[in-house]
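Undergrad: quick one: sequence plus predicted model below, questions after.
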Amino acid sequence: MATASTTTPVKHSGSSLPGFMTDKMFAINMFLLSVWVLSIPFVHHAFTAGMGFLIDGESTHPALNLSREGHYTIAIYALAAHMVAGALMNFLVPLQVHLGLTRKSKVWHRRIGISCIIIAFTGALVGSIFFAMYPDDPGTRLMRSPGNLQAGSLFGVAMFFVTYKVVQSLIQRDFKAHIPWAVAMFAMAIGSYVSRVMDGWEFAYIIAFGASAELKRYMALATAYGFWLLPLALIFSYYKLKALGAFARMPAYMPFITSLIGIAFFAVGTGFYLGVRLFA
């Protein structure tokens with residue numbers, strides 16, 4: 001008489017790749033920690049320059065200069081505060097969304113999350129004050145063009161809105177909606193660093209192919225909008241497509257490959273940016 005087997009069927013992935021290459025959590029955490037490490041020089045510079053100015057009103061940073069003609073003092077102090085807030089956000093958020101850490105300690109996730117939310121609202125506020133209060137005369141404008149200032153103003157508004165949606169999803173306990181907004185907040189938090197990475201890629205292009213003054217102006221404007229609009233578009237497009245089942249048959253190794261591509265993008269951009277700044 002036939003009997004039913006009690007053996008649990010084994011699922012075969014059909015891949016001979018090492019386990020870590022098909023582990024989605026490993027791929028995500030590898031990317032997050034890599035970005036965290038690569039951004040440390042920028043975080044350190046922004047924090048020390050901004051905090052130094054807030055403490056004694058002096059800084060080696062060219063933008064933090066009270067002797068600039070036509071400046072508004074409140075705008076310069078707001079910029080320094082924005083630099084400090086941005087540095088703290090950039091330092092904390094990759095650890096906040098690190099899956100290994102957050103799954104091991106909900107207390108860690110909650111406390112760091114609250115800190116990030118407070119810092120994000122503060123950074124958006126002081127950033128908006130800076131962009132609103134700095135003079136419009138192109139001869140005394142801190143940024144290089146009106147387009148850059150407009151992009152910065154919209155970035156502050158977007159940061160405020162994204163952080164608000166993070167808080168709203170938590171209050172409503174809508175954790176499905178919370179995840180994409182939290183990822184968007186991560187993208188905004190490292191925004192200043194991403195803009196430097198994009199500058200690095202611009203430097204690489206200019207070194208390789210050259211560029212006219214007009215092209216450089218358009219590239220700078222593209223960076224001013226692209227460093228935050230492009231990540232937000234990619235994030236919400238991904239979650240929309242995922243909800244439609246677009247990635248249901250994605251190979252198990254794709255998160256690992258995507259993570260490597262992302263790390264390479266940040267590493268190359270960071271390398272060229274630092275190289276140009278150090279040897280210019």
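TA: Done, it's in.
Undergrad: quick one, grab the pLDDT at Leu101.
TA: At Leu101, the model reports a pLDDT of 67.
Undergrad: so where is the stretch 51-200 of the chain shaky, pLDDT-wise?
TA: 68-71, 99-103, 134-149 (pLDDT under 70).
Undergrad: and the nearest residue to Asp23 once chain neighbours are set aside, how far from Gly19?
TA: The spatially closest residue to Asp23, leaving aside those adjacent along the chain, is Phe256, at 7.8 Å (CB to CB, 6 or more residues apart in numbering). All C-beta spots, glycine's among them, are computed from the backbone N, C-alpha and C. Distance from Phe256 to Gly19, counting by CB to CB, to the nearest Å: 11 Å.
Undergrad: of those two, who's got more company?
TA: Per other CB atoms under 10 Å, whichever of Phe256 and Gly19 has more neighbours is Phe256, with 22 against 9.
Undergrad: list the contacts for that one?
TA: Phe256 makes contacts with 20-23, 26-27, 30, as judged by CB atoms under 8 Å, 6 or more residues apart in numbering.
Undergrad: return the distance of the top helix by length along the chain from the chain's centre.
TA: Across the chain, the longest stretch assigned as helix under DSSP state H is helix 213-243. The chain centre lies 12 Å from the centre of helix 213-243; the measure is CA atoms, centre = their mean, to the nearest Å.
Undergrad: who are the packing partners of that helix?
TA: Applying 3 or more CB pairs under 8 Å, 6 or more residues apart in numbering; DSSP states H and E, one finds that helix 213-243 makes contact with helix 146-171, helix 175-189, helix 191-209.
Undergrad: distance to Ala233 added to the ones you listed, as JSON lines?
TA: Shown next, in JSON lines, are these (distance: least, CB to CB, whole Å):
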{"stretch": "helix 146-171", "distance to Ala233": "12"}
{"stretch": "helix 175-189", "distance to Ala233": "10"}
{"stretch": "helix 191-209", "distance to Ala233": "13"}
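Undergrad: turn those into TSV, including distance to Pro251 and mean neighbour count.
TA: Shown next, in TSV, are these (distance: least, CB to CB, whole Å; neighbours: other CB atoms under 10 Å):
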stretch	distance to Pro251	mean neighbour count
helix 146-171	31	18
helix 175-189	22	19
helix 191-209	27	19
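Undergrad: between those helices, which gets nearest to Val43?
TA: If you check each of the helices and strands packed on helix 213-243 against Val43 by CB to CB, helix 191-209 wins as the nearest, at 7.5 Å.
Undergrad: check which helices and strands that closest one is in contact with.
TA: Counting contacts by 3+ CB pairs under 8 Å, 6+ apart, helix 191-209 is packed against helix 40-56, helix 73-96, helix 213-243, helix 254-279.
Undergrad: tell me the most buried of those?
TA: Ranked by mean neighbour count under mean count of other CB atoms under 10 Å, the helices and strands packed on helix 191-209 are led by helix 73-96, which reaches a mean of 22.
Undergrad: residues near Val107, how many?
TA: Neighbours of Val107 under the rule other CB under 10 Å: 8.
Undergrad: over to Tyr72?
TA: The number of residues packed near Tyr72 is 16, by other CB under 10 Å.
Undergrad: repeat that for Ser34.
TA: By other CB under 10 Å, neighbour count at Ser34 equals 18.
Undergrad: average pLDDT for the helix or strand it falls within?
TA: Assigning secondary structure by DSSP states H and E places Ser34 in helix 24-38. Average pLDDT, helix 24-38: 92.
Undergrad: angle of that helix against helix 254-279?
TA: In terms of direction (axes from the mean of the first three to the mean of the last three CA atoms, to 10 degrees), helix 24-38 departs from helix 254-279 by 0 degrees.
Undergrad: which residues are in contact with helix 24-38?
TA: Under the contact criterion CB under 8 Å, 6+ apart, helix 24-38 has outside partners 20, 91, 94-95, 97-100, 190, 193, 255-256, 258-259, 262-263, 266-267, 270.
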